[in-house]
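Enquirer: what follows is a protein structure lacking sequence information:
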C-alpha cells in the first residue's frame, strides 16, 4: 500500500498501462513536455517517448478524430481534454462516430478509447473550466461513463477503462486531485494481460451504512456527502452514502437495495438540475421502489444557469448546508425554500 494523491494515482495508473501494453498511447494538449496543466501526465513522455505520449495541436475535434482512427487500427488511445468545457468542440466526433461505430459495424469494430476529462467547479475558475457535462454523455448510447472519488479508484478504474474494449468517458474531479489515500497497486483484477478480462469496476459502493436516508452522489461531492452523514448523525439522523462511480451503466440494484432499507432518497451532483443524472436516478428508483418510499426523492444540484463568475460559484456548487437541507426536506422537516421556490 502506498499513500498517493488522486492526481498521482492517475499518473501511476497511466504509467502502469503504458508499461503493460505497447498499444496504449496518451494524447492531449500540453501533456508531454509540460505534463498537463494539472501535471497528471508528468514524467510520462520522458519515460515512454513522444510517440507514446503525444503533444497535440489545440484542436479537440482533431484529437478525438485521430484517436478514433488509432483505436480502429488496434491501439488503445487515452485522450486528455484539458478542461471540461473544451470537450464540446469534440462532441460530434464522440457522439456521431465513437459511440456508434460498434453498432454501425454490427460488432465488427471495437474502439477501446478512453477520454479523460477534468470536471467540476470549486477552483474559482470561469465558465468552460468548471463544467459538469456528464448528462450529455450518459444520454449517449454506446459510451461507458465513469467517475472516481478516491485515489484507489483513480488508479484501478482508469486502468480498467483503458483495458476495456468499449469507449469510456472518464471524469476526474479536479478539485480533489490533491486528496490523499492508500493505493494498492495490485488491486486491479490481476494486472497485466489479465486486466482486459477482469469485470469492469462499475458497481456503486456503499460508503457508510444508515437507516433513515439514502444519499447518492459521485465524484467531487463524495467527501462532502460523507461530511453530511457525520453532521446528520449529530442530530440523530442515520444517512447511508452511496458513491455511484459508474454513471452509464448505473448500478441501480445497489441504490434500490439501499432505498428499500431507508425509504428515502437524496441525489446530489454539481451539474444542472434539469435532465441531470439525479433526475434519472430519482425516476428509476421511484419506479423500482414506489411502495417503499416514505417521501418523494429530493435532488440537490447545481442551478439551471450558465456557470457563474468565481465570486458566485459557492452558490452554484452544492455544499454541506445544501445537502443537509435536502436531508431535512426528505424527512419532512421545515426548511428554507429551494432556489427554484424562492424565485418563482
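Expert: Now that the structure is in, tell me what you want to look at. Computed from a prediction, not measured in an experiment: that's the story for all the values here.
Enquirer: hey, let's count contacts and neighbours off CA atoms from now on
Expert: Fine.
Enquirer: identify the residue spatially nearest to residue 288, adjacent ones excluded.
Expert: Counting by C-alpha to C-alpha, 6 or more residues apart in numbering, residue 288 lies nearest to residue 256, which is 7.0 Å off, once chain neighbours are set aside.
Enquirer: show me what contacts that neighbour?
Expert: Contacts for residue 256 (C-alpha atoms under 8 Å, 6 or more residues apart in numbering) come out as 285, 288-289.
Enquirer: hmm, 10 Å instead?
Expert: By C-alpha atoms under 10 Å, 6 or more residues apart in numbering, residue 256 lies in contact with 214, 262-263, 265, 281, 284-289, 292.
Enquirer: can you pull the domain assignment for the chain?
Expert: Listed by automatic domain parsing, the domain ranges of the chain are 2-197, 205-339.
Enquirer: run through the helices of the chain in chain order.
Expert: 6-20, 44-48, 60-72, 91-92, 101-104, 134-138, 151-163, 222-234, 252-262, 277-289, 320-330, 339-342 (DSSP state H).
Enquirer: I figured residue 49 was touching residue 22, is that so?
Expert: No. Using C-alpha atoms under 10 Å, residue 49 makes no contact with residue 22, being 11.7 Å away.
Enquirer: give me the pLDDT for the residue nearest the centre of the chain.
Expert: Taking C-alpha atoms, centre = their mean, the centroid of the chain lies closest to residue 147, which sits 2.2 Å from it. Residue 147 is assigned a predicted lDDT (pLDDT) of 97.
Enquirer: tell me the contacts of it?
Expert: So residue 147 contacts 116-119, 134, 153-154, 157-158, 169-173, 202, 218-220, 243-247 (C-alpha under 10 Å, 6+ apart).
Enquirer: 7 Å instead, please
Expert: 170-172, 219, 245-246 (C-alpha atoms under 7 Å, 6 or more residues apart in numbering).
Enquirer: in those residues, find the pair that's most separated.
Expert: Spanning the widest gap among the contacts of residue 147 are 172 and 246, at 12.3 Å by C-alpha to C-alpha.
Enquirer: excluding chain neighbours, what is closest to residue 170?
Expert: According to C-alpha to C-alpha, 6+ apart, the nearest residue to residue 170 is residue 116 (4.8 Å).
Enquirer: these two touch, right, that neighbour and residue 80?
Expert: Yes. Between residue 116 and residue 80 there is a contact at 4.8 Å, judged by C-alpha atoms under 7 Å.
Enquirer: higher neighbour count, those two?
Expert: residue 80 (26 against 22; other C-alpha atoms under 10 Å).
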